[in-house]
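*Asks:* Coordinates for the following, if possible.
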Amino acid sequence: MPSLGPTELILILVIVVIFFGVGRLPEVFGAVGKGLREFRKASAGEDEEEEKSSKESSSSDSDS
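*Replies:* Got it, this is the predicted structure:
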């Protein structure tokens, strides 16, 4: 999978500025940041649930 270089990032930024306008950029990027934080929290929560369930199953197997 090719990585994004500086030219591609600048082009994406220009398109975002044209599409949303300069005044709404902080609002848009704030929403994107909140979405990424929620995604990380959710994925971390799933990892914790998997660890708990694997610990519970292994402890119940050793109890038997």
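*Asks:* Could you count how many residues lie near F19?
*Replies:* Residue neighbour count, defined by other CB atoms under 10 Å, stands at 9 for F19. Yep, even glycine has a C-beta here, placed from its N, CA and C like the rest.
*Asks:* can you check G45 too?
*Replies:* Other residues lying near G45 total 10 when counted by other CB under 10 Å.
*Asks:* Could you do V16 as well?
*Replies:* As a burial measure, V16 scores 14 neighbours (other CB under 10 Å).
*Asks:* List the contacts of the helix or strand hosting it.
*Replies:* Assessed by DSSP states H and E, V16 sits inside helix 6-20. Residues outside helix 6-20 that contact it (CB atoms under 8 Å, 6 or more residues apart in numbering) are 4, 25, 28.
*Asks:* chain center to that helix: distance?
*Replies:* Relative to its chain's centre, helix 6-20 lies at 21 Å (CA atoms, centre = their mean, to the nearest Å).
*Asks:* Just the CA trace of that helix, in PDB.
*Replies:* Output of helix 6-20 as PDB, limited to C-alpha atoms (Å, rounded to 0.1, in the frame of the first residue of the first chain):
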ATOM      1  CA  PRO A   6       3.800  15.700   1.200                       C
ATOM      2  CA  THR A   7       2.300  16.600  -2.200                       C
ATOM      3  CA  GLU A   8      -0.700  14.300  -1.600                       C
ATOM      4  CA  LEU A   9      -1.200  15.700   1.900                       C
ATOM      5  CA  ILE A  10      -1.100  19.300   0.600                       C
ATOM      6  CA  LEU A  11      -3.600  18.400  -2.100                       C
ATOM      7  CA  ILE A  12      -5.900  16.900   0.400                       C
ATOM      8  CA  LEU A  13      -5.600  19.900   2.600                       C
ATOM      9  CA  VAL A  14      -6.400  22.300  -0.300                       C
ATOM     10  CA  ILE A  15      -9.500  20.200  -1.200                       C
ATOM     11  CA  VAL A  16     -10.700  20.300   2.500                       C
ATOM     12  CA  VAL A  17     -10.200  24.100   2.600                       C
ATOM     13  CA  ILE A  18     -12.200  24.500  -0.600                       C
ATOM     14  CA  PHE A  19     -14.900  22.200   0.500                       C
ATOM     15  CA  PHE A  20     -15.400  23.400   4.100                       C
END
